[in-house]
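Student: sequence? don't have it. structure:
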DNA sequence: GCCAACGTTGGC
DNA sequence: GCCAACGTTGGC
C-alpha cells in the first residue's frame, strides 16, 4: 500500500506539537467520531500526519508527525474513570480505535488556516470543506503544498 | 464567549 | 427510518 497522508487536530492547550516533541510519541486517544475512527483504522506505520492546532489565533498546521503503530483499541473506552469511557463498548468488540504517532518536525512558523484557505490548490482539503472532522485524509499533493508553505514558498 | 455547522440520540 | 432535540467542535 502506498504511503498515505493525514491531518490530525489538537487543541494546543490540551496537547501541542511541543508536548509531542517532548514525549517523542503518544497514543491518540479520545477520538469518539466514527469518521475519524475509520481514518485511523486505515492508517499504516509510516504514514505522515499534518499536526494541526485548533482554537488558537490563527489556527493552523504546526508541524509533522508519523504514524508509528497499527490501529488498536483505545484503552480509555474501557476505563470507568476516564472521561472517554464508553459503556457500550466491549473488549470483544471495541468501538473506538487509535494509533500511536511520533514527532517528526515542528515548523519554524506554522501554516495558518487563512493562508491555507487562500491557496486555490488547497480548496478541496477536508479542513476547508468540512472543518469539524478531527482526523482527516490529505492528498499527497496537499501535504506537499503545506510543507512547502511552511518552508516559506 | 458566541454561534453555525455538524454528528448523535431517541421518540414516534 | 425520519427528524427534532441536543451536545460538541472550532472559527471568529
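Tutor: That came in fine, so what should we check first? If you're wondering where the values come from, they're calculated on a predicted model, not measured in any experiment.
Student: tell me which element residue A:9 falls in.
Tutor: strand A:5-10 (DSSP states H and E).
Student: show me which parts of that strand are buried, residue by residue.
Tutor: Of all the residues in strand A:5-10, those buried under the rule 16 or more other CB atoms under 10 Å are A:5, A:6, A:7, A:8, A:9, A:10. Glycine gets a C-beta too; all of them are placed from N, C-alpha and C.
Student: and those residues, which is closest to DNA strand C?
Tutor: If you rank the buried residues of strand A:5-10 by distance to DNA strand C using CB to the nearest atom of the strand, residue A:9 comes first, at 4.6 Å.
Student: residue of chain A nearest DNA strand C, please.
Tutor: For chain A, CB to the nearest atom of the strand, closest residue to DNA strand C: residue A:59, 3.5 Å.
Student: ok, now which ones touch that residue?
Tutor: Taking CB atoms under 8 Å, 6 or more residues apart in numbering, we find residue A:59 in contact with A:52, A:53, A:112, A:113.
Student: quick check, residue A:41 in contact with residue A:97.
Tutor: Yes. Assessed by CB atoms under 8 Å, residue A:41 is found in contact with residue A:97 at 5.3 Å.
Student: find residues that contact each of those two.
Tutor: Joint contacts of residue A:41 and residue A:97 (CB under 8 Å, 6+ apart) are residue A:71.
Student: got a list of what residue A:8 touches?
Tutor: A:28, A:49, A:50, A:51, A:52, A:65, A:101, A:134, A:135, A:136.
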